[in-house]
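J.: Predicted model and sequence follow; I will ask about them next.
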Amino acid sequence: MMNCKNAIDCKKAIESLIDYLHHEVNEPDQKIIKAHLDECRRCCNLFDFEDKFTRLIKEKSGKETCPQALKNSILKLIDPSLCCKGEGSRTA
Ligand SMILES: [Zn+2]
């Protein structure tokens, strides 16, 4: 399933970006994730959402940990069958 022009698919990007937000990815991976976010508006929006959510959790709890339940719920938002399809045919 390589209909995705990006180096990594959306599911992988979302999984990685959660680690990315917690500064748990190494430099090469950060570049790959950033490149994906630049090209994929869908993931870019999710990244923005997750970024705000992470900040909120940090403010409220003083902790930087991402609850596994949150991670799972975000991953559920991603439908792999929609990955990089509809880009261009739908304008947001
Ligand atoms: Zn994506």
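T.: Everything's here; your move. This is a predicted model, so every value here is computed, not measured.

J.: phi, psi of N26?
T.: Main-chain dihedrals, N26, degrees, to the nearest 10: phi -80, psi 170.

J.: quick one: buried residues of the lengthiest helix in the chain?
T.: The single longest helix within the chain, with elements called by DSSP state H, is helix 41-61. Using 16 or more other CB atoms under 10 Å as the test for burial, helix 41-61 gives 42-43, 46-47, 50, 54, 57. In short, each C-beta sits where N, CA and C put it, glycine included.

J.: Can you check what pLDDT the model gives V25?
T.: At V25, the pLDDT value in this model is 80.

J.: From the buried residues of helix 41-61, pick the one nearest A13.
T.: Using CB to CB, C43 comes nearest to A13 of the buried residues of helix 41-61, at 5.0 Å.

J.: mind listing what that closest one touches?
T.: The neighbourhood of C43, defined by CB atoms under 8 Å, 6 or more residues apart in numbering, consists of 10, 13-14, 17, 36-37.

J.: so what's it closest to, chain neighbours aside?
T.: In this structure, C43 finds its nearest non-sequential neighbour in A13, 5.0 Å apart by CB to CB, 6 or more residues apart in numbering.

J.: related to what we said a few turns ago, secondary structure added to the contacts of C43, as JSON lines?
T.: What follows is the contacts of C43, written out as JSON lines (DSSP: H, G, I helix; E, B strand; the rest coil):
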{"residue": "C10", "secondary structure": "helix"}
{"residue": "A13", "secondary structure": "helix"}
{"residue": "I14", "secondary structure": "helix"}
{"residue": "L17", "secondary structure": "helix"}
{"residue": "H36", "secondary structure": "helix"}
{"residue": "L37", "secondary structure": "helix"}
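
J.: ok, of those, which one's closest to N72?
T.: Closest to N72, out of all of these and judged by CB to CB, is I14, at 11.3 Å.

J.: Would you agree the closest one is in contact with F49?
T.: No. Using CB atoms under 8 Å as the test, I14 is too far from F49 to be in contact (10.6 Å).
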